[in-house]
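In: Need coordinates for the below:
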Amino acid sequence: MKKQLVALLLAATVTAGFTGLPAGQAYAATPTAIIVSGVNLRVQPDVNSRSYGLLKTGEKVTILSQANSYWYQVRDSQGRTGYVSTNSKYIKTSGSTNGGNNSGVTDSSSVRARIISAGKKYLGTPYEFGSDRSNTRTFDCSDFVRQAFKDGAGITLPSDSRGQGAYVKSIGRTTTNWRNLQPGDLMFFMAYKGTSASAYPSNTSGQTIAHVGIYLGNGQILHTYSKDSGGVRIDNIAGKHWESRFIFGGSAIK
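Out: Got it, this is the predicted structure:
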């Protein structure tokens, strides 16, 4: 009888030990993964979170859970538990699939062209701040970008511009020079402070994202930003306040 009681207590303890895992997919078989390109081991599933250090190429880690579409919770060879990007550019998994809304979508010129084409179909759609994500009658900036990617590539991005910026950073292909962008990349901007370039800081690092749009190539952006502007539209970037407000941009396609 005592042996049975001890066994039951041990089983309860083991079960309780798993309740501390973050919300998301939990792995019963604790699959291993290999780091294919140096990546930060973060304290929290956030690109702005403190890093324990860089996991080196070839290092093996154990996947404990998938916190969300963009982050795995892992344990490294030193026994540290933290978070790494689910992007296959950084980690190759075994016994699990690479999570994310971009599963099966390859970053190619044809995918980018479909996203741009899908976005252009909404030219002139009225602007509404905090627009309803369940319909396409009106858009704010992030809602429009999200819809273009959903229609053109079947990719569901985060619903707000800051979340979209964090997602692009988690993929890792970003630039602070808009002239280095490819058509279909996302562009992130700080808040409007006027038309003069001197109104904006020369060092954009740490600036808060207030706007997002899709780069079309040839110095143009497809986006929406106010009722007075006429809704979804195309604007030139060079020499405009868009150039001064630009923080960073990059691909949202894995």
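
In: What does the pLDDT read for residue 86?
Out: Here, the pLDDT recorded for residue 86 equals 83.

In: And for the one 4 residues further on?
Out: Looking at residue 90, its pLDDT reads 86.

In: same deal with the one 3 residues further on?
Out: Per-residue confidence for residue 93 comes out at a pLDDT of 74.

In: can you check the one 10 residues further on too?
Out: Reported pLDDT at residue 103 in the predicted model: 40.

In: What are the boundaries of the helices in this structure?
Out: With helices called from DSSP state H, the chain shows them at 2-17, 109-120, 141-153, 161-171, 241-245.

In: Tell me the helices and strands packed up against the last one.
Out: It stands for helix 241-245. strand 186-189 (3 or more CB pairs under 8 Å, 6 or more residues apart in numbering; DSSP states H and E). All C-beta spots, glycine's among them, are computed from the backbone N, C-alpha and C.

In: List the contacts of the strand it packs on.
Out: 145, 161, 164-165, 168, 178, 181, 209-215, 221, 223, 242, 245-252 (CB atoms under 8 Å, 6 or more residues apart in numbering).

In: For the stretch 151-254 of the chain, give me the ranges with low pLDDT.
Out: Nowhere does the stretch 151-254 of the chain drop to pLDDT under 70.

In: at 90 what do you get?
Out: Residues of the stretch 151-254 of the chain that meet the criterion pLDDT under 90 lie in 154, 170-173, 202, 205-206, 253-254.

In: cool, and the stretch 1-150 of the chain?
Out: In the stretch 1-150 of the chain (pLDDT under 90), the answer is 1-34, 36-38, 45-49, 57-58, 62-73, 77, 85-111.

In: need the helices of the chain in JSON lines with distance to residue 56 and mean neighbour count, can you?
Out: What follows is the helices of the chain, written out as JSON lines (distance: least, CB to CB, whole Å; neighbours: other CB atoms under 10 Å):
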{"stretch": "helix 2-17", "distance to residue 56": "29", "mean neighbour count": "9"}
{"stretch": "helix 109-120", "distance to residue 56": "31", "mean neighbour count": "17"}
{"stretch": "helix 141-153", "distance to residue 56": "32", "mean neighbour count": "24"}
{"stretch": "helix 161-171", "distance to residue 56": "19", "mean neighbour count": "20"}
{"stretch": "helix 241-245", "distance to residue 56": "37", "mean neighbour count": "20"}
